[in-house]
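Novice: Kindly generate the corresponding structure for this input.
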Amino acid sequence: MPMRLKAPVVLPCDTACSVLRDAVVDIDAAGRIVHCGPIADAPPLPEGAQVRELTGILLPGLINTHAHTPMMPLRGLGGDLPLMRWLTEAIWPAEGRLIPRDSYDGMLLGSIEMLRAGVTTSVEMFFHGEHIVEAVLDTGARVLLTPGIINAPGLERLGSWQELTDHTTRWIDADGLRFGPADRVELGYGPHSAYTLTPEIIAEVAQLSRDGGALMHIHVAEGLQEDIAVRAEHGSVPQLLEKIGALGGRVLAAHAVHLSDTDLDIFQRHDVAVAHCPNSNAKLASGTARLLDMRAGGLRVGLGTDGPASNDDLDIWDEARQAALFARLDSGDAAALTAPQALLMATREGAAAIGRTDIGALEAGRWADVVHVDVDSPAFPLGTWAPDVQLLSNLVWSAAASQVTEVWVAGEQVVSGHEPTRVDRGKAQAGVRRIAERIS
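Specialist: Numbering: from 1, shown residues only. Coordinates of the predicted model:
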C-alpha cells in the first residue's frame with residue numbers, strides 16, 4: 001500500500017545534509033521512495049494511500065559496514081585482552097563450540113538490537129550463512145553477507161578455505177547477488193585476512209569477486225601484531241593485496257588502522273573502501289585509523305561496529321560520535337569532523353562504501369528504509385524547533401539509540417514503539433542466553 005510519512009523534520013542525508021521542515025517521505029506499494037521534500041511541494045497521493053503523522057525526525061536507516069553479529073553469545077568474552085590473544089585464547093576456541101543453528105539465534109538478536117537503534121543494513125562476515133539470512137528475513141532488516149573464509153586453529157570443522165569459497169560461489173550462482181523481498185539480501189565473499197589466509201587464496205577469492213561483481217570484505221591492518229610476517233615480506237597488507245592483484249573490484253577493507261602514505265595511495269588508486277570501526281579499535285587497543293587522511297584522499301569510508309564481542313554493542317550512533325571525537329583529538333581541530341559529516345558517514349557514505357546506491361538516503365528511487373527519532377527527550381532541549389545546526393548537533397552528540405521509536409525497511413514497519421514488530425525480543429534473548437550457557 002502506498003504511504004506518506006510526515007514529520008516536522010526530515011533529513012534526507014543528501015550531500016549537503018539538508019534539514020527539511022514540515023516535510024514528507026512518499027513511498028510506493030513496492031517499498032521505494034517516490035518523493036522526499038517539504039509538504040508544500042508534495043505531489044497528490046494515490047487513492048488509498050496511508051498517511052502517518054510523526055512528531056520527531058525522519059532520516060534514512062543507518063548502515064553498519066563491518067560486523068560479526070552472530071557472535072552475540074560471546075559478548076564480553078576475553079574483554080580485557082589485546083586483539084591476537086583475544087582471538088586465539090577466547091574467540092576462536094568459543095566459535096569452535098558453536099553449532100550451525102547458533103548463527104541464526106545470534107543474528108536474530110543482533111538484528112533486533114540494530115533495528116531498535118535505527119541500523120537497517122549490516123555487512124556481515126561469519127559462518128553458516130543460510131541461518132544468518134533466515135534470521136534477517138525474519139526480522140525484516142537488510143544484510144550484505146560475506147560468508148567467512150578462514151584457516152584458523154579450532155575452526156577446521158567449518159571446512160577448508162576451498163570448501164567455504166565454493167559454497168559461496170554456488171549460492172551466488174543459484175540465487176544471484178541480491179535476493180529476498182525488496183532485495184533484503186546481498187551476497188559477497190569474506191576472506192578473513194592476510195594473516196589467516198595465504199596470498200594465493202586471497203588472490204583466487206578476489207578474482208571470483210571481480211568476475212561476479214561481488215563485494216570482497218577483508219580485515220586489513222587492524223593491529224600491529226597481526227601481520228608482522230606480511231609486513232616483513234611485502235611491506236604492508238595493502239602492498240601485498242596490490243602485488244597479488246587482489247584489488248580493483250569492489251573491495252571493503254575493515255579497520256585499516258595501520259596504513260602508511262603508500263598504503264593510502266594504493267587504496268586511492270584502486271578505489272578501495274574502508275569500514276572504520278573506532279570503538280572496537282579502541283577497546284582492543286588496536287590503534288586509531290587515519291580517518292581524516294582517508295577522507296581527504298577521497299576514499300569511501302563507512303562506519304562499522306565490528307562484532308558484539310569486541311565492541312561490545314551494535315550502535316552506529318556511538319560509532320559516529322567516536323569517529324568524530326578521535327578525529328578531533330588527532331587533529332587538534334574541533335571542526336575536523338562535524339555533526340553533519342558524522343551523520344552522513346553513518347548513512348549515505350556507508351552505502352557508498354559498500355557500493356549501494358539504493359539505500360542510505362531518502363531520495364526518489366531508493367528503498368524506503370526510514371527511521372523515526374523521538375525528540376521528547378532531554379537530548380533535544382528545543383525539540384524540532386532548534387535551528388538546523390543545533391538540531392543536527394543534538395541528534396549526533398546527544399541522542400541515543402533509545403530515541404529511535406519506529407523503523408521501516410522497504411516501506412514495511414519493522415520497529416514500533418522501540419520494539420520489533422515481526423519477532424519476539426524476549427524469546428530471542430532467551431535463545432542467545434542458552435547458547436552462552438552451553439559454550440561457557
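
Novice: Tell me how far the most far-flung residue of the chain relative to its centre lies from G37.
Specialist: No residue in the chain sits farther from the centre than E47, which is 36.6 Å out by Cα atoms, centre = their mean. According to Cβ to Cβ, to the nearest Å, E47 stands 21 Å off from G37. From N, CA and C alone the C-beta is placed, and that goes for glycine too.

Novice: Ok, E156 next?
Specialist: From E156 to G37 the distance is 55 Å (Cβ to Cβ).

Novice: State the distance from the residue farthest from the centre of the chain to I27.
Specialist: Distance from E47 to I27, by Cβ to Cβ: 15 Å.

Novice: burial of G248, as a residue count?
Specialist: If you count neighbours by other Cβ atoms under 10 Å, G248 ends up with 15.

Novice: I'd assumed D211 was in contact with it.
Specialist: No - look at G248 against D211 with Cβ atoms under 8 Å: they stay out of range, at 11.6 Å.

Novice: Report the spatially nearest residue to G76, omitting neighbours in sequence.
Specialist: D312 (6.1 Å; Cβ to Cβ, 6 or more residues apart in numbering).

Novice: My guess is the one you found contacts G79. True?
Specialist: Yes - here D312 reaches G79: they are 7.3 Å apart, a contact under Cβ under 8 Å.

Novice: which one of these two has more residues nearby?
Specialist: Neighbour tally, D312 and G79, criterion other Cβ under 10 Å: the higher count belongs to D312, 19 against 13.

Novice: where does the residue nearest in space to the middle of the chain land in three-state SS?
Specialist: Ranked by distance to the mean C-alpha position of the chain (Cα atoms, centre = their mean), the top residue is N64 at 1.3 Å. On the three-state scheme (DSSP: H, G, I helix; E, B strand; the rest coil), N64 is labelled strand.

Novice: Report how many residues lie close to the closest residue in space to it that isn't next to it in sequence.
Specialist: Leaving aside its chain neighbours, N64 sits nearest to S122 (4.1 Å; criterion: Cβ to Cβ, 6+ apart). Burial of S122, expressed as a neighbour count using other Cβ under 10 Å, amounts to 30.

Novice: now swap in the one 4 residues further on and tell me
Specialist: Counted by other Cβ under 10 Å, the residues lying close to F126 total 23.

Novice: ok, the host helix or strand of the residue nearest to N64: who's next to it in the sheet?
Specialist: Secondary structure assignment for S122, by DSSP states H and E: strand 119-124. Strand 119-124 has its sheet partners listed here by DSSP bridges as strand 62-67 (parallel), strand 142-145 (parallel).

Novice: after that strand, next one along is what?
Specialist: Next along from strand 119-124, by DSSP H and E: helix 129-139.

Novice: next one: that following helix to chain centre, how far?
Specialist: Its chain's C-alpha centre and that of helix 129-139 lie 16 Å apart, by Cα atoms, centre = their mean, to the nearest Å.

Novice: Then stretch 137-157?
Specialist: Taking Cα atoms, centre = their mean, one finds stretch 137-157 lying 14 Å from the centre of the chain it belongs to.

Novice: Between its first and last residues, what's the separation in that stretch?
Specialist: 27 Å (Cα to Cα, to the nearest Å).

Novice: what do you get for stretch 82-97?
Specialist: Start-to-end, stretch 82-97 (Cα to Cα) is 22 Å.

Novice: List the contacts of it.
Specialist: 71, 74, 77-78, 81, 127, 152-155, 157, 222-223, 225-226, 284-286, 309-310, 438-439 (Cβ atoms under 8 Å, 6 or more residues apart in numbering).

Novice: Pull out the buried residues from the residues you listed.
Specialist: 71, 74, 77-78, 81, 127, 152, 155, 222-223, 226, 284, 286, 309-310, 439 (16 or more other Cβ atoms under 10 Å).

Novice: Relative to A182, which of those residues is nearest.
Specialist: Closest approach between those and A182, by Cβ to Cβ: F127, at 25.6 Å.

Novice: From what I see, the closest one and G148 are in contact.
Specialist: Yes - taking Cβ under 8 Å as the definition, F127 is a contact partner of G148 at 5.2 Å.

Novice: any residues in contact with both of those two?
Specialist: With Cβ under 8 Å, 6+ apart, F127 and G148 have common neighbours L158, L164.

Novice: Using CSV, write out every CA atom in stretch 236-254.
Specialist: Extracted C-alpha coordinates of stretch 236-254, given in CSV (Å, rounded to 0.1, in the frame of the first residue of the first chain):
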residue,chain,number,x,y,z
SER,A,236,52.2,-4.0,4.3
VAL,A,237,48.9,-5.7,3.7
PRO,A,238,47.8,-3.2,1.1
GLN,A,239,51.1,-3.6,-0.8
LEU,A,240,50.6,-7.4,-0.7
LEU,A,241,47.0,-7.1,-2.0
GLU,A,242,48.1,-4.9,-4.8
LYS,A,243,51.1,-7.2,-5.7
ILE,A,244,48.8,-10.3,-6.0
GLY,A,245,46.2,-8.5,-8.0
ALA,A,246,43.5,-8.6,-5.3
LEU,A,247,42.4,-5.0,-5.7
GLY,A,248,40.4,-3.3,-8.5
GLY,A,249,36.9,-4.8,-7.9
ARG,A,250,34.5,-4.0,-5.1
VAL,A,251,36.8,-4.2,-2.1
LEU,A,252,35.9,-3.2,1.5
ALA,A,253,38.8,-3.1,3.9
ALA,A,254,37.7,-3.5,7.5
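
Novice: May I see the buried residues of it?
Specialist: Buried residues in stretch 236-254 (16+ other Cβ under 10 Å): 236-242, 244, 246-247, 249-254.

Novice: which pair in those residues spans the largest distance?
Specialist: Among the buried residues of stretch 236-254, S236 and R250 lie farthest apart (Cβ to Cβ), at 21.1 Å.

Novice: Roughly how far does the nearest residue to A353 once chain neighbours are set aside sit from I439?
Specialist: Nearest non-adjacent residue to A353, counting by Cβ to Cβ, 6+ apart: G302, 3.5 Å away. Separation of G302 from I439 (Cβ to Cβ): 31 Å.

Novice: swap in H418?
Specialist: 30 Å.

Novice: got the residue ranges for the strands in the stretch 301-440 of the chain?
Specialist: 301-303, 370-373, 404-409, 412-416, 419-420 (DSSP state E, counting those that start in this stretch).

Novice: wait, what's in contact with L264?
Specialist: Here L264 is in contact with R290, D293, M294, G297, L299 (Cβ under 8 Å, 6+ apart).

Novice: Cool, thanks, signing off.
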